[in-house]
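A.B. asks: I would like the atomic coordinates for the input below:
(one chain, ligands or ions: 1)
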Amino acid sequence: MAHLTNTAPTAELQALDAAHHLHPFTHAAGLKDKGARIITRADGVWLQDSEGHRILDAMAGLWCVNVGYGRRELVEAAAAQMAELPFYNTFFQTSHVPAIRLAERLAGLAPEHLNHVFFAGSGSEANDTNIRLVRTYWEMKGAPQKKAIISRWNAYHGSSVGSGSLGGMKGMHAQGGMPIPDIHHIDQPDWWSEGGDLTPEEFGRERARQLEEKILELGEDNVAAFIAEPVQGAGGVIVPPDSYWPEVNRILDKYDILLIADEVICGFGRTGNWFGSETMGIRPDIMTIAKGLSSGYQPIGGSIVSDEIAEVIGGDEFNHGYTYSGHPVACAVALENLRILDEEGIVTRVREETAPYLKKKFESLADHPLVGEAKIVGMMGSIALTPDKASRAKFEDGGALGYLTRERCFANDLVMRHVGDRMIVSPPLVISTDEIDLLIERARKSLDEAM
Ligand code: PLP
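C.D. replies: As a prediction, this is how the structure comes out:
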């Protein structure tokens, strides 16, 4: 049996990696000089690299390993499903038990009116599905001109051409012909960076009203949907002021525009509830899911869709699907992952114990000279680095200090991510209080070293 356990020296693996492996979101030339850090195994919240270092993973992989690493039940669920039915598709009037059971389970967890699941292999694919779903819905309702989708600058909704267009990452748009037509962006509700003299509440309302202005500019009869994460994740964990979402809800209701809540990060316990929509008080028509759905043990995503949309779309063939829509092994693992989250009370424990503890510790970093805002919702938080707290000033070489701090974290065996000059945490939901203490201790040490 081919075995992938590391036996080669790190330098040899790094050279092979640089020679043959094109990495996502990576400056390849830079990696050639430095060599990738090679992760070989993991357990709980701990990674191990090819040199034997144990690294505290405060990012849960890529915001996804919610139940932590090394859960045998998930391995066993995958093996059992592979033995029984490793693959069958869900196209052309066939189905299978894992997809049926998972769809049923998700309908039970989602808000009451969302009862139908379209599976995909990732969050990007699911958001591509959503573009087609909302436009097809309006077309079938007799409003084919309703095509425009509004999103936010600095949002991340995936990396395919469709989902990358929904996202508001200008660096991504600059490569490869994005955005596609009929996608429009408004500003994000980032009070720390962009709030000026307004109070957070004034600013939240002002940013929400940009949505109304954009709807009126495009023509209210031309707008199909607004897509947003309940709390922006990859954009830097941008926690909106309390006034933001109620105003957005009001505007969407007024103009009869669908809301796609991208729950790829916020879902499955990350914000202290099953979905971020609940935490932020929003009522979506579609939810995008991925990541924590399987805790990253298998690639799977999907769209949970309202009864109304499913009924309308169901009136004709929806010409859309992926070979791996509802992959049986991924569905079986996701089901087992949901069982663990539920039966071990992980989501409740996050809400009542772990998140309040992490919040107290994380916000204590605000007294560090480099730290301006320290904001956290549930188990996702960020600190904004600043040369001057009082004026909320930004560094001129935006991102350089964030990069350096991330490097110091890595050297101190802690994975934190930087987005510009924001430092992010999003640990596995099962992190213990001792591990949270260690996370904060290492983060503070790294900040000291970055000064
Ligand atoms: N939506 C959000 C909010 C995300 O954070 C991500 C990934 O980080 C995606 C969509 C894309 O998911 P995937 O990387 O599984 O395609």
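
A.B. asks: any idea how far apart the tips of stretch 247-261 sit?
C.D. replies: 15 Å (C-alpha to C-alpha, to the nearest Å).

A.B. asks: how about the residues of the stretch 151-300 of the chain by the ligand?
C.D. replies: 156-158, 229, 233-234, 262, 264-265, 290 (C-beta under 6 Å from any ligand atom). In short, each C-beta sits where N, CA and C put it, glycine included.

A.B. asks: these into JSON lines, with extra columns for pLDDT and neighbour count?
C.D. replies: Shown next, in JSON lines, are those (pLDDT from 0 to 100; neighbours: other C-beta atoms under 10 Å):
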{"residue": "Y156", "pLDDT": "98", "neighbour count": "24"}
{"residue": "H157", "pLDDT": "98", "neighbour count": "30"}
{"residue": "G158", "pLDDT": "98", "neighbour count": "25"}
{"residue": "E229", "pLDDT": "98", "neighbour count": "27"}
{"residue": "G233", "pLDDT": "98", "neighbour count": "26"}
{"residue": "A234", "pLDDT": "97", "neighbour count": "23"}
{"residue": "D262", "pLDDT": "99", "neighbour count": "32"}
{"residue": "V264", "pLDDT": "98", "neighbour count": "31"}
{"residue": "I265", "pLDDT": "98", "neighbour count": "27"}
{"residue": "A290", "pLDDT": "98", "neighbour count": "28"}
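
A.B. asks: and which of the residues you listed is nearest D397?
C.D. replies: Of all these, A234 has the smallest distance to D397: 21.4 Å, by C-beta to C-beta.

A.B. asks: one step back: let me know the closest of the residues of the stretch 151-300 of the chain next to the ligand to R71.
C.D. replies: A290 (18.3 Å).

A.B. asks: surely that closest one and T129 touch.
C.D. replies: No. Contact criterion C-beta atoms under 8 Å: A290 and T129 do not qualify, at 11.5 Å.

A.B. asks: pLDDT wise, what is the residue of the stretch 351-451 of the chain found nearest the ligand at?
C.D. replies: Residue nearest to the ligand within the stretch 351-451 of the chain (C-beta to the nearest ligand atom): S426, separated by 10.0 Å. pLDDT recorded at S426 is 98.

A.B. asks: and if you look at P240?
C.D. replies: Per-residue confidence (pLDDT) for P240: 97.

A.B. asks: repeat that for G164.
C.D. replies: Value listed for G164 in the pLDDT field: 98.

A.B. asks: that one: neighbour count?
C.D. replies: Using other C-beta atoms under 10 Å, G164 has 25 other residues around it.

A.B. asks: name the element it belongs to?
C.D. replies: Secondary-structure assignment from DSSP states H and E places G164 in helix 161-166.

A.B. asks: next: A334.
C.D. replies: Per DSSP H and E: helix 328-343 holds A334.

A.B. asks: list the buried residues for that helix?
C.D. replies: 328-338, 340-341 (16 or more other C-beta atoms under 10 Å).

A.B. asks: look up how far the ligand lies from the nearest residue to T279 once chain neighbours are set aside.
C.D. replies: The shortest distance from T279 to any non-neighbouring residue, by C-beta to C-beta, 6 or more residues apart in numbering, is to T271 (4.1 Å). To the ligand, T271 is 12 Å away according to C-beta to the nearest ligand atom, to the nearest Å.

A.B. asks: T271 against I282, yeah?
C.D. replies: No. At 11.7 Å, T271 and I282 do not qualify as touching, with contact defined as C-beta under 8 Å.

A.B. asks: overlap of the contact sets of those two?
C.D. replies: Counting by C-beta atoms under 8 Å, 6 or more residues apart in numbering, the contacts common to T271 and I282 are P230.

A.B. asks: neighbour-wise, which of those two wins?
C.D. replies: Between T271 and I282, T271 has the larger neighbour count (other C-beta under 10 Å), namely 26 against 19.

A.B. asks: element containing the residue nearest to T279, please.
C.D. replies: Per DSSP H and E: T271 is located in neither a helix nor a strand.

A.B. asks: look up how far T405 lies from it.
C.D. replies: From T271 across to T405, the span is 25 Å (C-beta to C-beta, to the nearest Å).

A.B. asks: just list the residues touching whatever residue of the stretch 1-150 of the chain ends up closest to the ligand, thanks.
C.D. replies: The ligand sits closest to G123 of the stretch 1-150 of the chain, with a gap of 2.4 Å, by C-beta to the nearest ligand atom. Going by C-beta under 8 Å, 6+ apart, G123 touches 157-158, 163, 262, 264, 288-291, 301.

A.B. asks: try it again at 7 Å.
C.D. replies: Applying C-beta atoms under 7 Å, 6 or more residues apart in numbering, we find G123 in contact with 158, 264, 288, 290-291, 301.

A.B. asks: spell out which parts of the stretch 1-150 of the chain neighbour the ligand.
C.D. replies: Counting by C-beta under 6 Å from any ligand atom, the residues of the stretch 1-150 of the chain close to the ligand are 62, 122-124, 127.

A.B. asks: buried ones among those?
C.D. replies: Buried subset of these (neighbour count, 16+ other C-beta under 10 Å): 122-124, 127.

A.B. asks: nearest to T433 among those residues?
C.D. replies: G123 (30.4 Å).

A.B. asks: now the closest one: phi and psi?
C.D. replies: Dihedral angles phi and psi of G123 (degrees, to the nearest 10) take the values phi -70, psi -40.

A.B. asks: that one and D342, how far apart?
C.D. replies: The value you get for G123 to D342, if C-beta to C-beta is used, is 22 Å.

A.B. asks: what of A8?
C.D. replies: When distance is defined by C-beta to C-beta, A8 is 41 Å away from D342.

A.B. asks: now the residues of the stretch 1-150 of the chain next to the ligand in a markdown table, with pLDDT and secondary structure?
C.D. replies: What follows is those, written out as a markdown table (pLDDT from 0 to 100; DSSP: H, G, I helix; E, B strand; the rest coil):
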| residue | pLDDT | secondary structure |
| --- | --- | --- |
| L62 | 98 | helix |
| S122 | 98 | coil |
| G123 | 98 | helix |
| S124 | 98 | helix |
| N127 | 98 | helix |
